[in-house]
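*Asks:* my questions are about this predicted structure, shown below with the sequence.
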Amino acid sequence: MDTIQKFYSDIEKIKKHARASSSYNGEEVCKEVCTFFEKENKAMPSLAKSFSDYWMQTYILNSADLEKEPSNASIDKLAAMQSLLNSSDENTECLTDSDWKELCSLVNYEAEDLPLENLSFMMSLFLEKQALK
């Protein structure tokens, strides 16, 4: 099982655990997923927090059916962000042009606190995706 497969599996465990309790609250589950995402990215805590906040604001709180969140589509978005933080471009095809631009903006804001290797990879990918402003 690779890193992203484990990431998906861990999110499914969070959802399963929440469904086993008395009542499922999609927003609360997504908050737990955000906390998990941030813990998975201890080397870049501030950027991970920014990415998870963006995910929550853009894909969860704007959902037509919040009680069914996190949906497979929204989990794909977060997994794409996880790939980016892992210095990989795999699983990022679900990100839109506006996602790329916003993630680039967040990385630019946090740039001085990021490991140089990760920053270099992300900036190269943003350049390739034409996300640099």
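*Replies:* Received, thanks. Residues are numbered from 1 along each chain as shown.
*Asks:* wait, doesn't Thr92 sit right on Ala80?
*Replies:* Yes - counting by Cβ atoms under 8 Å, Thr92 touches Ala80, with 4.5 Å between them. (C-beta placed from N, C-alpha, C; glycine too.)
*Asks:* break down the protein into its helices, ranges please.
*Replies:* Remark: helices assigned in the chain by DSSP state H are 3-20, 26-40, 45-55, 72-85, 97-110, 116-128.
*Asks:* which of the ones you listed sits closest to Asn62?
*Replies:* helix 72-85 (10.1 Å; Cβ to Cβ).
*Asks:* list the buried residues for that closest one?
*Replies:* Neighbour-count burial for helix 72-85, with 16 or more other Cβ atoms under 10 Å as criterion, is recorded at Ser74, Ile75, Asp76, Lys77, Leu78, Ala79, Ala80, Met81, Gln82, Ser83, Leu84, Leu85.
*Asks:* likewise stretch 65-73?
*Replies:* For stretch 65-73, by 16+ other Cβ under 10 Å, it's Glu69, Pro70.
*Asks:* circling back: of all the helices of the chain, which one comes closest to Leu66?
*Replies:* Across the helices of the chain, the minimum distance to Leu66, taken as Cβ to Cβ, is reached by helix 26-40, at 4.7 Å.
*Asks:* OK, contacts around Ser71?
*Replies:* Ser71 makes contact with Ser63 under the criterion Cβ atoms under 8 Å, 6 or more residues apart in numbering.
*Asks:* hang on, Phe51 packs against Leu85?
*Replies:* Yes - between Phe51 and Leu85 a contact is recorded at 7.2 Å, counting by Cβ under 8 Å.
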